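>>> For reference, the sequence and a predicted model appear below.
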Amino acid sequence: MDSLVDKIKSGYLWDFPGGVFPPERKSLSNSQSIKQLELANEYIVPVKQHIGHAANVIVELGQLVKKGQPLTELQGPMELPVHAPTSGEVIAIEPRMAAHPSGLSELAVVIKPDGEDTWYEKKPTPNYLALSKVELLDKLKQAGISGLGGASFPTYVKQSNSQPIELLIINGVECEPYITADDMLMREYATEIVSGIEIFTHLLQPKLVVIAIENNKPEAIAAIEQACQGKSQFVVRAIPTKYPAGGEKQLIQVITGQEVPSHGITADIGIITQNVGTAFAAYKAIVQGEPLIERVVTVTGEQIKSPANVWARIGTPVSHLLAAQEYQALKRPRIIMGGPMMGFTLHGSQVPVSKITNCVLAPSEKALPRAENEQACIRCGYCADACPASLLPQQLYWHSKAKEYEKAQDYKLFDCIECGACAYVCPSEIPLVQYYRIAKADIKAEQVEQEKAEKAKERFNARNERLEREKQERLEKHKKAAESRKQSMAKDPSAQDKVAAALARVQAKKKSSPETDQTDKTQTTEPANAAKAKAAAAIARAKAKRAAAAQEATAVETAEKQANNQESADQQTQTDSLTPAQIRAKAIAAKAKAKQAAKESMTESEQAPKNANSEKSTEAQADEPSADEQLTPAQIRAKAIAAKVKAKQQAKTQNSESADSPDNAEAKTNTEFQEDKVPTDEKLTPAQAKAKAIAAKIKAKQQAQSVETKSPEVENEPNTEKNMKDHQTPDAELTEAELRQQRVKAAIAKAKAKKESLGDK
Amino acid sequence: MNFRVSSSPHNRTQRKTSDVMLAVSLACIPGILTQVWFFGIGVLVQIALAIAAAICAEAICLRQRNRSLTQLKDNTALLTGLLLGICLPPLAPWWVAIIGAAFAIIIAKQIYGGLGQNLFNPAMAGYVVLLVSFPVAMTLWLPPVNLIEYELSAWDMILVIFTGYSDQGYSLAQFRTSLDGFTMATPLDAIKTGLSNQQTYQEIIQQSIFSNDLGIGWMQVNLAYLLGGLWLLQRKIINWHIPLTFIVTLFLLCLFSYLAAPGSIAGPWIQITSGATMFAAFFILTDPVSASTTAKGRILYAALIAFLVFIIRNWGGYPEAVAFAVLLANMCVPLIDYYTKPRTYGHVKG
């Protein structure tokens, strides 16, 4: 870059490809100095005159405003205020026809001047070097300064660029025919412009400032050169007259030989460009404290009797300018805002002057003839030769016309700067730029549509994802809960083995009961028993599930059922094969098992004789010297524990359903009793009560009762078995085995209850 | 007030398609005059016939396609007829020009969709059709007027064109015999015939139709077209890419091969001043519709034609090769255009 700066300093100039040489016709308007105009009848100040967003209107209808008073207030980024061009009354805040090719209306503040033209408040800061960068930028922003060259890009944004800037190019090229606004400004306000540029250099700290002026403006060049004398950092460069040398990209190419990357900005290559008019406006804003309320406008054209440059307040209706310079109307007037190459025709003369209005052109039909009929393209390629961006306008035209927009984009449609050079040279008078504009607008509209569709799709997907995620989270939560329960179960000392052992013992006892008393572990039958038990448990589970599916409300019951089923399955492997069948047949026979526990404990106290009787026979067979006294405590204990376990299970299932808390509390106390191994009637009773309470909760009470009536028959066997077991093994051992067994069962029941409750959810 | 609204740019060059076509036609005038000088009034008759036929055919086609006849004012049919007429032998029968022009306009241009849509250069398409269909009529070139044994008046020429015989009853074959008794036509013809008869190039150019190693008449005609072409360049109606590339490439190819085999190949100077070389370089190859439209493409296109001309002239069956070479290159234009897109501003090369 340093060598580049040196090369620029040495006076080397590059060239850009293409370009055209339309008749300049600048002499029409550059012969007299910039005129001051009388006040117009009203000023129409569009709220948004720059690239970005409109600020909020802060004045009210009927409010009296002073010259330079802000009409809008900044709220966000890329906003610029507009100011009252003179003192007067706000007579309307409504959409008015804007300075736009479409002729559409935009919100504007309409001010009726009071003729006083009194200033609001000026805050001049001649010693702006004392200000911080932020303060300076804010001043530029509050003064509403935007690029006056054409794009109306907020100047403070450009100036607050964070990339290192090597080169500041001040654009005084003014390559459009007819226009002499910048020319005259440079001639008359060279010192002010240079002061304005110094504000920019203060902000950007570039290595070099190049003030580029087309060589058809010798007076302007001389004036600026004089103003720059003694400033080694400033270079005034006269560049060859060729349209569109004043285009930002082309000017950079001419001055530096570099190209702004496609879709990039000039700062990407360390360059910032500003128009001379912007520099002047910055000077006014900072040094004199005047916001941007007026600019130089060239009023020219063959239909203007006294073409000249005028100081036009922002918001001045074009009709006022035309009247002041004696416009000779045609039958069908054609007023162009801007130059003949890139300007746009107005839809009416009430359009106001905006910040970027540099020219109001009223050409004669002869000077700028209307386009005749479009003819067929003869592929002459003049357009490609004229294109400053090295595009193939012909191919762009074909694809744009045929609405083959993808291909048009392949041919870099969006690198077109719409300078109009191609259409200017086209011998077939094809309005090429118009085709490109339509294509660009269509593509942009398409993109907006696509974005909308994308967003809608995204929203839809996001919603689906959210629902799915929530579902997953729920499942995950439940899974975790189940896991934690499993873990807490696993904490129990190797329950499974002991359960199996206990089972085997019971099995062995049962088998051996008719014959002789066998010692507990018959290892050969153990695996078989375990398998059987598992199968039975599985069947019971399946059943339980079915039942659960049938009724949500029976979740508690099923848990209970399962526990009971397992219990019964574990305890009576052979008779179980019958019992599950019965259960299956009745579908709610599981309840019978639930009742079983209750019954068991009940039989202890109420049906003791009956039990004793049946037990007696088995006992006798078992050769055990059994006494009622001995039997009863053991029985009671076993039953108490069974009841406790059940109660616990129920409590758990109830927990998950957040059922009665007293029951839970009691159930807990019951579990404690398990450890205590002190089965007393007092403690039994609550357990029983609980079991019963839950049993009572079962909806189909009648069914339950019918089962109950049957249950004794079924239960007798397990009872006897238990009894047998009870007195065959030492009390402590028995209770331990049973305990484990029941604990396992309880855990399984818990898990199941959880699973079901999950399924319900 | 009803404002007139239009899209920018509001300014246009005043050079229309019709102006461009007219300018090209005008630029042919020096060449045509020289041709008339050396080969008689027949040249003008052929041109007039071809132009008339071309415009009639265009009018009929436009009418059939429900297009406005004002399109005739674009001067493209005029130019097509003119270019074809220039290529025809001066004493070719009248129907040759009419068939050629009708084919050029109807088949090569309008069937493809009219102006701007044709793949092939219409004049060359018409010429090739004639050359293939009527080889005898299309080789009825005369020796330069001052070398003709029997003097031909303008009236004689017209009679020959329309009836086949002159006032005195001489047939075409008699006119074509030069003073030294050779029946020959163009220098390129003579060279081709001579080389195929085992003569060396040096022997061939001793013939009377050559002077100072250059073809009498044809050299002047070529220079006249060069003059017209330079005027077009100066007016920026054509750019330099195609003519310069074509001439330089052809010259270099001929130069190298001549240096390699001086006896069996025509020299570079006679090659670029004979036949249709200059006329093709400035007036045929530069037809905007059928030529490449990118700068690089134009260079490729012209170089390709020069190469084909070189090949066909020296090893092909025809003494002149421009028409075939142009048509072959026309076919490559879409491909050339596609691969020679210029680098757009702000885009990295490639």
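Now that the structure is in, tell me what you want to look at. Just so it is clear, the structure is predicted and the values come from calculations on it, not from any experiment.

>>> Spell out which residues of the stretch 1-150 of chain B are next to chain A.
B:1-17, B:19-20, B:71, B:74, B:76, B:114-117 (CB under 8 Å from any CB of the partner chain). Any C-beta I mention is one placed from the backbone N, CA and C, and that applies to glycine too.

>>> Of the residues you listed, grab the buried ones for ChimeraX.
Buried residues within those, by 16 or more other CB atoms under 10 Å in any protein chain shown, are selected in ChimeraX with:
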select /B:3,4,6,7,8,9,10,11,12,13,15,16,17,20,71,74,76,114,115,116
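
>>> do stretch B:330-342 and chain A meet?
Yes. Contact of stretch B:330-342 with chain A (CB under 8 Å from any CB) involves B:D337, B:K341, B:P342.

>>> what does that stretch contact?
A:17, A:384, A:390-392, A:395, A:411, B:119-121, B:124, B:290-297, B:300-301, B:304 (CB atoms under 8 Å, 6 or more residues apart in numbering or on different chains).

>>> ok so, going back, from the residues of the stretch 1-150 of chain B next to chain A, which land in helices?
B:T17, B:D19, B:V20, B:T76 (DSSP state H).

>>> State the pLDDT value of the residue of the stretch 401-550 of chain A at minimum distance from chain B.
Closest approach between the stretch 401-550 of chain A and chain B, counting by CB to the nearest CB: A:G420, at 3.2 Å. pLDDT recorded at A:G420 is 93.

>>> Equivalent analysis for the one 10 residues further on, please.
In this prediction, A:I430 carries a pLDDT score of 92.

>>> By residue count, which helix of the chain is the longest?
With no chain named, the answer covers chain A. From DSSP H, the single longest helix across chain A is helix A:432-490.

>>> Not quite, go with chain B.
Under DSSP H, chain B gives helix B:42-64 as its longest helix.

>>> What are the buried residues along it?
B:42-47, B:49-59, B:61-62.

>>> Which secondary structure elements does that helix sit against?
Judged by 3 or more CB pairs under 8 Å, 6 or more residues apart in numbering or on different chains; DSSP states H and E, helix B:42-64 is in contact with helix B:29-39, helix B:76-87, helix B:94-102, helix B:154-163.

>>> Ok, which of those comes nearest A:Y128?
With distances scored as CB to CB, the stretch of the helices and strands packed on helix B:42-64 nearest to A:Y128 is helix B:76-87 (64.5 Å).

>>> Please parse chain B into its domains.
B:15-185, B:187-350 (automatic domain parsing).

>>> chain center to the last one, what's the gap?
This means domain B:187-350. 11 Å (CA atoms, centre = their mean, to the nearest Å).

>>> Can you give me the neighbour number for the residue of the stretch 401-550 of chain A closest to chain B?
29 (other CB atoms under 10 Å in any protein chain shown).

>>> nearest residue to it other than its sequence neighbours?
B:P9 (3.2 Å; CB to CB, 6 or more residues apart in numbering or on different chains).

>>> Might one say that A:P23 is in contact with A:Y178?
No. In this structure, A:P23 is not within contact of A:Y178 by CB atoms under 8 Å, at 9.2 Å.

>>> Tell me which of these two has more neighbours.
Just comparing A:P23 and A:Y178: by other CB under 10 Å the higher neighbour count belongs to A:Y178, 31 against 12.

>>> Am I right that that one is in contact with A:T298?
Yes. Here A:Y178 reaches A:T298: they are 6.8 Å apart, a contact under CB under 8 Å.

>>> Give me the common contacts of the two.
Joint contacts of A:Y178 and A:T298 (CB under 8 Å, 6+ apart) are A:S29, A:C359, A:L361.

>>> Pick the one among those residues closest to chain B.
A:L361 (8.2 Å).

>>> Kindly state the beta-bridge partners for the nearest residue to the closest one once chain neighbours are set aside.
Distances taken as CB to CB, 6+ apart place A:I336 nearest to A:L361, at 4.1 Å, with adjacent residues excluded. Bridge pairing for A:I336 (DSSP bridges) gives the partners A:T345, A:L361.

>>> hang on, the earlier thing: now the angle from the longest helix of chain B to helix B:29-39?
130 degrees (axes from the mean of the first three to the mean of the last three CA atoms, to 10 degrees).

>>> model confidence over helix B:42-64, on average?
94.

>>> And stretch B:202-218, by the same measure?
76.

>>> my guess is A:A421 contacts A:P388, does it?
Yes. If you go by CB under 8 Å, A:A421 and A:P388 touch, sitting 6.3 Å apart.

>>> how about the residues of the stretch 151-300 of chain B that lie near chain A?
B:N239, B:P288, B:V289, B:A291, B:T293, B:T294, B:A295, B:R298.

>>> A:A747 contacts A:R740, correct?
No. Here A:A747 does not reach A:R740: they are 10.7 Å apart, not a contact under CB under 8 Å.

>>> Show me what the longest helix of chain A is packed up against.
helix A:393-401, helix A:405-410, helix A:421-425, helix A:731-760.

>>> Mind jotting down where the strands sit in the stretch 201-350 of chain B?
B:210-211, B:214-215 (DSSP state E, counting those that start in this stretch).

>>> and if you look at the stretch 51-200 of chain A?
Taking DSSP E, counting those that start in this stretch as the criterion, the stretch 51-200 of chain A carries its strands at A:53-54, A:56-57, A:64-65, A:72-73, A:79-80, A:88-97, A:105-113, A:167-172.

>>> Any chance of CSV for those, columns mean neighbour count, mean pLDDT and distance to A:T155?
CSV is the format used below for these (neighbours: other CB atoms under 10 Å in any protein chain shown; pLDDT from 0 to 100; distance: least, CB to CB, whole Å):
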stretch, mean neighbour count, mean pLDDT, distance to A:T155
strand A:53-54, 16, 84, 16
strand A:56-57, 14, 90, 20
strand A:64-65, 18, 94, 24
strand A:72-73, 18, 92, 17
strand A:79-80, 24, 90, 9
strand A:88-97, 17, 94, 25
strand A:105-113, 20, 94, 21
strand A:167-172, 27, 94, 13
